[in-house]
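1. what follows is a predicted protein model with its sequence.
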Amino acid sequence: QVELQESGPGLVKPSQTLSLTCSVSGGSITTNYYYWSWIRQSPGKGLEWMGTIGYSGSTYYSPSLKSRTSIFRDTSKNQFTLELNSVTPEDTAVYYCARSRNPSVDFGAWGQGTKVTVSS
């Protein structure tokens, strides 16, 4: 059974880069036809898909965040990482990593989530 675990700082200052890593166990991030995503939920709002990296390394980003977002992977560690640049307090959210069979929908496995606050 695949397990996902987010890690990273809980507090980031405005204008800095938010960096979170998802460690995957029980399955390889290079297994065919699986996609690995970052999703967030801001206070009082719904879930927002941010971006995905696929089994082949292809990436897909939300148009609204594309200019500030980068997702990359370390296959030797079975991890993938989110970087979000130029953060503002509006980027305060619980950030989740998840797995799916399609790039941005139908997430079948989730990490527990990690709360990130953007504040000076």
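-> Thanks, I have it. Note that this is a predicted model, so its numbers are computed, not measured.

2. how confident was the prediction at the residue nearest to the spatial centre of the chain?
-> Centroid-nearest residue in the chain, with C-alpha atoms, centre = their mean: W38, separated by 2.5 Å. pLDDT, W38: 98.

3. contacts only, for it.
-> W38 is in contact with 20, 22, 49-52, 71, 82, 95-98, counting by C-beta atoms under 8 Å, 6 or more residues apart in numbering. C-beta coordinates here come from the backbone N, C-alpha and C atoms, glycine included.

4. inside strands: which ones of these?
-> The members of the contacts of W38 that map onto strands under DSSP state E are 20, 22, 49-52, 71, 82, 95-98.

5. could you dump those to CSV with neighbour count and distance to T88?
-> Output for the ones in strands among the contacts of W38, formatted as CSV (neighbours: other C-beta atoms under 10 Å; distance: C-beta to C-beta, whole Å):
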residue, neighbour count, distance to T88
L20, 22, 17
C22, 28, 23
W49, 19, 19
M50, 24, 15
G51, 21, 18
T52, 25, 23
I71, 21, 20
L82, 23, 16
Y95, 22, 15
Y96, 22, 20
C97, 29, 22
A98, 21, 24
